[in-house]
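Participant: no sequence on this one, just coordinates:
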């Protein structure tokens, strides 16, 4: 799951073309994030927190010719998790 520091989340709210899809406050977003992690764990899904910076997200979106919307944010997290997993295999899983 994508995780943002408060400062990064504020930047995201300012730059996202879909701010209405984001919670109104960082506290609300954190509550949603923690609830999502809990629900995934209860369902037996091992979710990982993936810290995202808006600068990295913007660069990735530009490279991929994508808008900085929820679909792109999800795609970046999936890409980062795939990279994390492949690196884990390459170095013996550590």
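Facilitator: That came through fine. This is a predicted model, so every value here is computed, not measured.

Participant: From here on, just use CA atoms for contacts and neighbour counts.
Facilitator: Will do.

Participant: what about residue 37, which helix or strand?
Facilitator: Using DSSP states H and E, residue 37 maps to helix 26-42.

Participant: what does that helix rub up against?
Facilitator: 1, 3, 6, 9, 10, 22, 23, 46, 47 (CA atoms under 8 Å, 6 or more residues apart in numbering).

Participant: With residue 40 as the reference, measure out to the nearest residue to the fourth one once chain neighbours are set aside.
Facilitator: This points to residue 9. The shortest distance from residue 9 to any non-neighbouring residue, by CA to CA, 6 or more residues apart in numbering, is to residue 26 (7.0 Å). Distance, residue 26 to residue 40, by CA to CA, to the nearest Å: 21 Å.

Participant: out of the two, which sits in the busier spot?
Facilitator: Using other CA atoms under 10 Å as the criterion, residue 26 and residue 40 rank with residue 26 on top: 17 against 13.

Participant: Spatially, what comes nearest to residue 48 if we skip its sequence neighbours?
Facilitator: Per CA to CA, 6+ apart, closest to residue 48 is residue 1, 5.9 Å.

Participant: Packing partners of the helix or strand that the helix holding residue 37 is followed by?
Facilitator: Toward the C-terminus, helix 26-42 is succeeded by strand 50-51 as the next helix or strand (DSSP H and E). Where contact means 3 or more CA pairs under 8 Å, 6 or more residues apart in numbering; DSSP states H and E, strand 50-51 is packed against strand 2-3, helix 70-90.
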